[in-house]
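Trainee: my questions concern the predicted model and sequence given below.
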Amino acid sequence: MIEERTPTSSSSPGISRGPGDLSPIAFNEVASQENTRLSSGIAEFDRVLGGGIVPGSLILIGGDPGIGKSTLLLQVANLLQRQESTVLYVSGEESEKQIKMRGDRLGMQPTKLFLLTETCLERILECINQLAPQIIILDSVQTVYSDKLPSAPGSISQVREVATQFLFLSKHRSIPTFLIGHITKDGSLAGPKALEHIVDTVLYFEGERYHSHRIVRTVKNRFGAANELGVFEMTNEGLVPVENPSKLFLAERPKGAAGSVVICCVEGSRPLLVELQALVSGTSYVSPRRMAAGVDPNRVSLMLAMLEKRLGLHLLSSDVYVNVAGGLNVDEPSADLGIVAAVVSSYRNLAVNPSTVIFGEVGLAGEVRGVSQALLRIREAASLGFKKCLLPRNSLPLSHLESEIELIAIESVQESFDVLFN
């Protein structure tokens, strides 16, 4: 005779499912949460979250090692505890003394911030039941494991289980939860991408290691606009928000240099003025080199083919290099006209007027197509002192509100060259 026990399914600690959870609720009876966002105390961080922290939201932050994810969330935790919110910072990679050292370097003296160094999911949930925090930060989700699964920490099953348990916890108790995720070699979140489908908001840290500024970009947001962007500067006191990113990106722009133009792109709801550079030189290879940093290389190849066919520029015997100064990645097609103007400027060794800003989408027939939010781009250029704006005719605002900036509408690439290079 052998005794066998029938396994019974039991919910994890910290996750309660009462009978009321199974009852459907009328749409009109659900309370609205439009005015219940919690400010993090950092304006740039609130911007990328869509206006603030939504109660019960699960937020995933990813980025390269050492880029500043833990530093930013420790600053956010310090500002949130000042608002009489109990914050629990769970770390599976650092000890309490290491976190304390970082906090002392940042000048923090929190009273309602609690630290927990634990990697077992069940024990973490028990501590959450005892402390009952209003904010939870988990650093990082790849180091936490569940005893219910035999796989190793960081595996797909473990990461998905940990994220799902914290999703249930945050939704049922309306606790905002921040998860820090590792980045793989190809630049995507480790998992692979399994976490992005579970969480409510996905934020990516961008920026070169040798640049002082950091960019936080919203990839997914159920409570606000995606592709929103926040700019920070890494200092000895931590990450400091940058109030005027356009001024930062244009601070070291050379005046009167051939191949340098200023374009205006829109990231979410924010217009940004950045410098786009191009260098065209004779090649010593059989096949000329085409390199692009900050813009899509395939898009650059399309623009070069259009210039070769429509305008007769002989670029097959030249190497072409295109770069967005400052380390920003520009994905929208409004940078096409800037790419074309920078390449032609370097090819002809003619400088573009430094007080001119350019934006517009370019087709393969050489036509310049309209772009969205043209008035927003014009106002940003006018606020920084630019005198001329080269834009598509279809994007010309109906009311010319900007009297201090000259608007030049064009329909083709040839027209733009006549304006830029006389």
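Mentor: Noted; the coordinates are in hand.

Trainee: now the longest helix along the chain: average pLDDT?
Mentor: For the chain, the helix that runs over the most residues, judged by DSSP state H, is helix 156-173. Here helix 156-173 scores 92 as its mean pLDDT.

Trainee: now for the following helix or strand past that helix, which elements pack on it?
Mentor: Once the chain leaves helix 156-173, the next helix or strand it forms, by DSSP states H and E, is strand 177-181. On a contact count with 3 or more CB pairs under 8 Å, 6 or more residues apart in numbering; DSSP states H and E, strand 177-181 meets strand 58-62, helix 69-81, strand 135-139, helix 156-173. For every residue, glycine as well, the C-beta is placed using N, CA and C.

Trainee: residue 127 and residue 114, how far apart?
Mentor: 9 Å (CB to CB, to the nearest Å).

Trainee: buried ones in stretch 208-221, by neighbour count?
Mentor: Neighbour counts over stretch 208-221 (16 or more other CB atoms under 10 Å) mark 213, 214, 215, 216, 217, 218, 221 as buried.

Trainee: now do the domain split for the chain, please.
Mentor: 36-242, 248-420 (automatic domain parsing).

Trainee: let's have the ones you listed in JSON lines, adding distance to residue 29.
Mentor: Shown next, in JSON lines, are those (distance: least, CB to CB, whole Å):
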{"stretch": "domain 36-242", "distance to residue 29": "17"}
{"stretch": "domain 248-420", "distance to residue 29": "32"}
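
Trainee: output the lowest-mean-pLDDT helix or strand in the chain as PDB, nothing but the C-alphas.
Mentor: Lowest mean confidence among the helices and strands of the chain (mean pLDDT, DSSP states H and E): helix 194-198, at a mean of 84. The C-alpha atoms that make up helix 194-198 are tabulated as PDB, following Å, rounded to 0.1, in the frame of the first residue of the first chain:
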ATOM      1  CA  ALA A 194       7.200  37.400 -24.000                       C
ATOM      2  CA  LEU A 195       7.000  40.200 -21.400                       C
ATOM      3  CA  GLU A 196       5.900  42.800 -23.900                       C
ATOM      4  CA  HIS A 197       2.500  41.100 -24.400                       C
ATOM      5  CA  ILE A 198       1.900  40.800 -20.600                       C
END
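
Trainee: contacts for the next helix or strand after that helix, please.
Mentor: Under the assignment DSSP H and E, the closest C-terminal helix or strand after helix 194-198 is strand 201-206. With contact meaning CB atoms under 8 Å, 6 or more residues apart in numbering, strand 201-206 is reached by 48-50, 57-64, 67-69, 189, 195-196, 214-224, 327, 329.

Trainee: could you do stretch 379-388 as well?
Mentor: When contacts are defined by CB under 8 Å, 6+ apart, stretch 379-388 is touched by residues 246-247, 250, 262, 264, 271-273, 353, 355-357, 389, 402, 404-406, 408.

Trainee: longest single strand anywhere in this protein?
Mentor: Longest strand of the chain, by residue count under DSSP state E: strand 270-282.

Trainee: on that earlier part again, just the buried residues from the contacts of stretch 379-388, in PyMOL please.
Mentor: Buried members of the contacts of stretch 379-388, defined by 16+ other CB under 10 Å, are picked up in PyMOL with:
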select buried, resi 246+250+262+264+271+272+273+353+355+356+357+389+402+405+408
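
Trainee: inside helices: which ones of the contacts of stretch 379-388?
Mentor: Those of these lying in helices (DSSP H): 246, 247.

Trainee: thank you kindly, that will do.
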